[in-house]
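Asks: Sequence first, predicted model second:
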There are 4 protein chains.
Amino acid sequence: MDSIKIGIIGMGRIGKIHLQNLCTKIEGVEVTTVANPSKVGQDYATRFGVQNVSNNAEIIFDNPEIDAILICSPSDTHADYAIRAALAGKAIFCEKPIDMSLERAKEVVLKVKACDVPMMVAFNRRFDPDFNKVKIAVSEGKIGTVQSLHIISRDPEPPSIAYIKQSGGLFKDMTIHDLDMARFIMGCEVTEVYATGSCMIDPAIAEAGDIDTATLVLHFENGATAVIENSRKAAYGYDQRLEVFGSKGMLQINNPLMTNVTSANEYGSHSDVNLNFFIDRYATSYLLEMQDFVEALGHRKSMPVHGEDGIKAIVLAEAAYASFREKRPIKIG
Amino acid sequence: MDSIKIGIIGMGRIGKIHLQNLCTKIEGVEVTTVANPSKVGQDYATRFGVQNVSNNAEIIFDNPEIDAILICSPSDTHADYAIRAALAGKAIFCEKPIDMSLERAKEVVLKVKACDVPMMVAFNRRFDPDFNKVKIAVSEGKIGTVQSLHIISRDPEPPSIAYIKQSGGLFKDMTIHDLDMARFIMGCEVTEVYATGSCMIDPAIAEAGDIDTATLVLHFENGATAVIENSRKAAYGYDQRLEVFGSKGMLQINNPLMTNVTSANEYGSHSDVNLNFFIDRYATSYLLEMQDFVEALGHRKSMPVHGEDGIKAIVLAEAAYASFREKRPIKIG
Amino acid sequence: MDSIKIGIIGMGRIGKIHLQNLCTKIEGVEVTTVANPSKVGQDYATRFGVQNVSNNAEIIFDNPEIDAILICSPSDTHADYAIRAALAGKAIFCEKPIDMSLERAKEVVLKVKACDVPMMVAFNRRFDPDFNKVKIAVSEGKIGTVQSLHIISRDPEPPSIAYIKQSGGLFKDMTIHDLDMARFIMGCEVTEVYATGSCMIDPAIAEAGDIDTATLVLHFENGATAVIENSRKAAYGYDQRLEVFGSKGMLQINNPLMTNVTSANEYGSHSDVNLNFFIDRYATSYLLEMQDFVEALGHRKSMPVHGEDGIKAIVLAEAAYASFREKRPIKIG
Amino acid sequence: MDSIKIGIIGMGRIGKIHLQNLCTKIEGVEVTTVANPSKVGQDYATRFGVQNVSNNAEIIFDNPEIDAILICSPSDTHADYAIRAALAGKAIFCEKPIDMSLERAKEVVLKVKACDVPMMVAFNRRFDPDFNKVKIAVSEGKIGTVQSLHIISRDPEPPSIAYIKQSGGLFKDMTIHDLDMARFIMGCEVTEVYATGSCMIDPAIAEAGDIDTATLVLHFENGATAVIENSRKAAYGYDQRLEVFGSKGMLQINNPLMTNVTSANEYGSHSDVNLNFFIDRYATSYLLEMQDFVEALGHRKSMPVHGEDGIKAIVLAEAAYASFREKRPIKIG
């Protein structure tokens, strides 16, 4: 079968990862075009043998040869590009979020539906081998009936205040990944959200109108409960753990470490620090999500993550804000 | 200095543990009298060289030689015996709870104060080397400012329905230990409680009017949050973990295992099961709490756990019920 | 059935442990007599309700009521007391070694046989739950055919030079436990020993004519190999590990730690130190070996460890010396 | 500075890894030419933008533009190609072994010296982050004076009998990596080798004249001892562990696992299997060794691994055979 032709908009950190995976590790696909404002990003693409590079995304929409478009540009451009791509009849791989505004995100998903093009939202953590293994074990009933879920998600360092200001806030910027993960693992929908949070790390974050620490309790259709603990800073590094508790047992994801070296002395035994940050921690997940996207395209299968998943995560993040403001649990419509 | 003379009321499981520790492992103390309804318990005491055994607790209150009384009888007798002991001017070591009813418990503490006798409430987990080490590290600032606490407390098997019916319910029977532990680790008071729970293990527990699974979120004066997860049954055994997260790091208590043997085969590597139940898991804590009680008596020091601690744990458990019933966070007066 | 009457010779560290276990944790047995030169040891026995205490062991041999004798006196008295006990028709529980000299040890075992009294040599590590669990798993074929065994045995600190001088040397004093353990786990006999060693910790040990570090390779009848690594000093504490490798998998014993507390900070994660020394590390093994001894007596079963086991360990230790001196592997007769 | 021009001989499994790393992850270098008998390998190179591909290695030696040659062809061709490269004045990166025969390997190293070209032998494990971290910690004195080293090296499955027959035998094919690692960690030379081995996994290996299980004891100039345990088959997967014991502490390398997922049920807790085989386990080491090679070339620094290291590993492997045959320790000249 002909190789799938792909165009990428945006050669930032994440765009480069997708390009490299597509060019060196995934079969049956070809990146023919890359659009990026800066020359640096364009040269990077050239190095991987991309024929057409430009600072104008239009060359991608207009090119009849291109089957699918990867939207890796800044968040506030996702919606526009996704709609342009849909109208151009291209399959869409959209980095999250679809849009900061729930309304706008819904509009995009409706438009994509109307144009009947496949769209995948890039919740990459679902493809991480650890989280995926737990998801499969849970759905196979390995731990019986799920009774509770616990997600710990902490960054090694808070982002810049500039970033915080345009981030949409902790729940939409950070918790949103954990909200999607909770839905993914549980395999059913959230019925109620209780959220509490505060600013414990940097007063400048409070001045910017945001919080840096949060605890959420979610209720699910299946009667189970999930707890999410977030922090913008863990002194010991990127902390991404999960634990599912069921009637027959428990599944746990621990943090991968920089090395497998342990030392022992008169003070005890010492292990290495956690893997740096998401680029390292989730490297494999970026490859696997792209492989799944390409395979779904090639075999005309349903996308592994849908636009609706993007919408639902935003709905839950907004419910979290409401709960945090009103200091009470919020029902999900 | 003369050895401290002790009388024990109740030779049940816990009374025997205290007797054995006092007779074989603690210096400067002597158990002179034991009161227990059944002959079996009395014979057990005799075997350890206790001179006076009886089925009537009065011989303890009436004996001028006795310095301190251990109340290890059924919960519903604690209050009466504690007041009798106070009136008799004896120091009191009271197993928890002081009483199921908050009012009655308060009455006991007031009476004990009025009689000016020392009283210790037996929150033994505070004396467990693991929990105690974490408490000390936290108070020494080893992890900086505490931002959140997470306690997992699950039993290996639910108790009998008969027990459930007279237990006072999950929050007062089981969560109460974790509520005290949260106060102990944080070193300050709870300002708000949010509790949610359900019956996921055995419908008979629901029929008995109780729940078997719960999740709580506590807010503390210091701005930190604590999460407590309870279950009446963990398929993998007694699960007693704790994690404190602070600005400089994290402290974690894991479950002790039956053995230190690990095996590996084509399916991976396998470790042993958790230590059985509280008698095994907390064996050391019973010895250490008794040593501290005896030392506080001998050196006329303040008791390591006070009647007020018993009261506060009941107050929080009742707030948890209110939150659970009213489906909203409850402020603590 | 009547309780078994026991006499103990020697109220040193190990004698006290056996006394306490017999008096407080083992049913169907009574310590009626204790012989110990010093008053301190005698008082200790009295505290546990022992009726007859003396500074003269004769009162034990002469007492017709006594069924069994525990020999917990200094090593150089073991042989004499064992023979006296055998002639008096008492069952014998003998701390290791039977004697420093192979000839004398053999003489003891022959005499005991001639008198037809049961004798157990106290290789307590065989009764440790970890090592015992591995032994059972191996004999049940859980790891298939055993191909190799690896024992690491290191003390936290070297003993005094005075002790070293009368210890019989590293192989007889320290390695002897590991040689017995290797035989115990393998369930067959050693055919060849290669030993190498040196003095790396304290030159004073070399001046005393001993080594403090050793590596041994043993060959067994079943074709498997065992490696033993010894050191008189591990900076990180008492190190007692074992690993058995078989055709179907592997079994591993790790060191128990002081607490189950782990901390994490910017430098990584940190676990506690190992349990102190043999008294703590092997506490349970002392109880279980005594229970087995008492049960074997009560049910007239074969002793769990025989005099021959004591002999064989000495034979291997002497072969190790020969190999070390002659710098070549030594065949076992 | 101009980018370094590289030619690769051999596009097998290892050649492809080097090509991919050079093309996508290493700066300042360009693979201009690839020689490989089969079209498949040539096409792989083309895909990564290599301009000249051929089935004839001569085009590499003859090309004046090429600075360095990677020899990734079958082992029995290494020596010839290395000499050709030296005569052509090219820098050499040679996969191990230089040659099966010690004589021939020495001849190669002499010739390379005579031609004064840089040569690196690909002992990739030295560049693995785990082993490298231990090496650095040891040389910085983190564990004080090294007293012993223990290497466990077991394959998940034995290779084909055909491979065994031309492998040069266990010591030269498998142990050779561990012999080099022992020299690398110790930072000094071996003075004596004692080796023992047998065939415990597959009789066909014995029929092919080889062994599949071995235990070695090495003595080093610094007085320390090393134990190496090898097996052609570990039921639980690729097993590559190392432990260094010193006067101040201990360093340990454990096996990386497939995932960070742990499960717990009534039988205990379970972790995942080891990473597959060397391609996965040592993936990073291939990138880092190539980076170091390129950097050494670019900055005219001494090579991180020398021809002599290749020679010394063979010398030790041959001493191991002698010890195994003669059943005695063998001194190294």
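Replies: Thanks, I have it.
Asks: For the rest of this, base every contact and every neighbour count on C-alpha atoms.
Replies: Fine.
Asks: need the contact list for A:Ile4.
Replies: A:Gly28, A:Val29, A:Glu30, A:Ile66, A:Asp67, A:Ala68, A:Val294, A:Gly298 (C-alpha atoms under 8 Å, 6 or more residues apart in numbering or on different chains).
Asks: cool, A:Lys96 as well?
Replies: Taking C-alpha under 8 Å, 6+ apart as the criterion, A:Lys96 is in contact with A:Ser75, A:Val121, A:Ala122, A:Phe123, A:Gly310.
Asks: A:Arg183 and A:Val190: what is the separation?
Replies: Taking C-alpha to C-alpha, to the nearest Å as the measure, A:Arg183 falls 7 Å from A:Val190.
Asks: so where does A:Ile152 fall, helix or strand?
Replies: Using DSSP states H and E, A:Ile152 sits in strand A:146-154.
Asks: Adjacent strands (with direction) for that strand?
Replies: strand A:225-231 (parallel), strand A:239-246 (antiparallel) (DSSP bridges).
Asks: Do the host helix or strand of A:Tyr44 and chain D come into contact?
Replies: Here A:Tyr44, judged by DSSP H and E, is contained in helix A:39-47. No. Contact of helix A:39-47 with chain D (C-alpha under 8 Å from any C-alpha of the partner chain) is absent, the minimum separation being 8.7 Å.
Asks: Mind giving me the packing neighbours of the following helix or strand past that helix?
Replies: Heading C-terminal from helix A:39-47, the first helix or strand you meet, by DSSP H and E, is strand A:52-54. Judged by 3 or more C-alpha pairs under 8 Å, 6 or more residues apart in numbering or on different chains; DSSP states H and E, strand A:52-54 is in contact with strand A:29-35, helix A:39-47.
Asks: for the helix or strand that strand A:52-54 is followed by, what is the average pLDDT?
Replies: Sequence order places helix A:58-61 as the next helix or strand after strand A:52-54, per DSSP H and E. When pLDDT is averaged along helix A:58-61, the result is 92.
Asks: Give me the next element, helix or strand, following the helix ranked longest in chain A.
Replies: Longest helix in chain A, counting residues (DSSP state H): helix A:307-326. From helix A:307-326 onward toward the C-terminus, using DSSP H and E, the following helix or strand is strand A:330-331.
Asks: Provide the strand pairings for that following strand, with the direction of each partner.
Replies: Paired neighbours of strand A:330-331 in the sheet (DSSP bridges): strand A:190-198 (antiparallel).
Asks: what residues are up against the closest residue to A:Thr46 other than its chain neighbours?
Replies: In this structure, A:Thr46 finds its nearest non-sequential neighbour in A:Val53, 7.3 Å apart by C-alpha to C-alpha, 6 or more residues apart in numbering or on different chains. Residues near A:Val53 by C-alpha under 8 Å, 6+ apart: A:Thr33, A:Val34, A:Ala35, A:Asn36, A:Gln42, A:Ala45, A:Thr46.
Asks: beta partners for A:Val53?
Replies: Beta-bridge pairing for A:Val53 (DSSP bridges): A:Val34.
Asks: Just the pLDDT for it.
Replies: Confidence score, pLDDT, at A:Val53: 94.
Asks: How confident was the prediction at the residue nearest the centre of chain A?
Replies: For chain A, A:Phe123 is the residue whose C-alpha lies nearest the centre (C-alpha atoms, centre = their mean; 3.2 Å). As summarised for this prediction, A:Phe123 has a pLDDT of 96.
Asks: who are the neighbours in contact with it?
Replies: A:Glu95, A:Lys96, A:His177, A:Asp180, A:Val305.
Asks: The same query, at a cut-off of 10 Å, please.
Replies: For A:Phe123, the contact set (C-alpha atoms under 10 Å, 6 or more residues apart in numbering or on different chains) comprises A:94-97, A:176-177, A:180-181, A:285-286, A:289, A:304-306, A:309-310.
Asks: so which of those residues is the most crowded?
Replies: In terms of neighbours by other C-alpha atoms under 10 Å in any protein chain shown, these top out with A:Gly310 at 27 neighbours.
Asks: Is it in contact with A:Val121, as I believe?
Replies: Yes. In this structure A:Gly310 lies within contact range of A:Val121 using C-alpha atoms under 10 Å: 6.4 Å.
Asks: Overlap in contacts, those two.
Replies: A:Cys94, A:Glu95, A:Lys96, A:Pro97, A:Ile98.
Asks: Could you say which helix or strand holds the fourth one?
Replies: It refers to A:Pro97. Per DSSP H and E, there is no helix or strand for A:Pro97.
Asks: distance of it from chain B?
Replies: A:Pro97 sits 28 Å away from chain B, going by C-alpha to the nearest C-alpha, to the nearest Å.
Asks: so that residue makes contact with A:Lys106?
Replies: No. Using C-alpha under 10 Å, A:Pro97 makes no contact with A:Lys106, being 11.6 Å away.
Asks: First residue to last residue on stretch A:191-206, what's the distance there?
Replies: 29 Å.
Asks: buried stuff in that stretch?
Replies: For stretch A:191-206, a neighbour-count test (16 or more other C-alpha atoms under 10 Å in any protein chain shown) marks A:Thr191, A:Glu192, A:Val193, A:Tyr194, A:Ala195, A:Thr196, A:Gly197, A:Ser198, A:Cys199, A:Met200, A:Ile201, A:Ile205 as buried.
Asks: In space, what's closest to the residue located most distally from the centre of chain A - neighbours in sequence excluded?
Replies: Centroid-distance maximum for chain A: A:Glu266 at 42.7 Å, with C-alpha atoms, centre = their mean. Closest residue to A:Glu266 apart from its sequence neighbours, by C-alpha to C-alpha, 6+ apart: C:Tyr236 at 4.3 Å.
Asks: Repeat that for A:Ile26.
Replies: Distance criterion C-alpha to C-alpha, 6+ apart; nearest residue to A:Ile26, sequence neighbours excluded, is A:Gln291 at 6.5 Å.
Asks: just A:Leu87 next, same as before
Replies: Excluding the flanking residues, the one nearest A:Leu87 by C-alpha to C-alpha, 6+ apart is A:Cys115, at 6.4 Å.
Asks: per-residue confidence at that neighbour?
Replies: Note on A:Cys115: pLDDT of 97.
Asks: Look at it and say how many residues are nearby.
Replies: The number of residues packed around A:Cys115, counting by other C-alpha under 10 Å, is 16.
Asks: Tell me how far it lies from B:Arg125.
Replies: The gap separating A:Cys115 from B:Arg125 is 62 Å, by C-alpha to C-alpha.
Asks: Any idea which of the strands paired with strand A:146-154 gets closest to B:Ile83?
Replies: Closest approach to B:Ile83 among the strands paired with strand A:146-154 (C-alpha to C-alpha): strand A:225-231, 42.5 Å.
Asks: so how far is the closest one off the chain centroid?
Replies: Between the centre of strand A:225-231 and the centre of its chain there are 17 Å (C-alpha atoms, centre = their mean, to the nearest Å).
Asks: and what of stretch A:171-184?
Replies: Distance, centroid of stretch A:171-184 to centroid of chain: 8 Å (C-alpha atoms, centre = their mean).
Asks: rewinding a little: do the longest helix of chain A and chain B meet at all?
Replies: No. Applying C-alpha under 10 Å from any C-alpha of the partner chain, one finds helix A:307-326 separated from chain B by no less than 10.7 Å.
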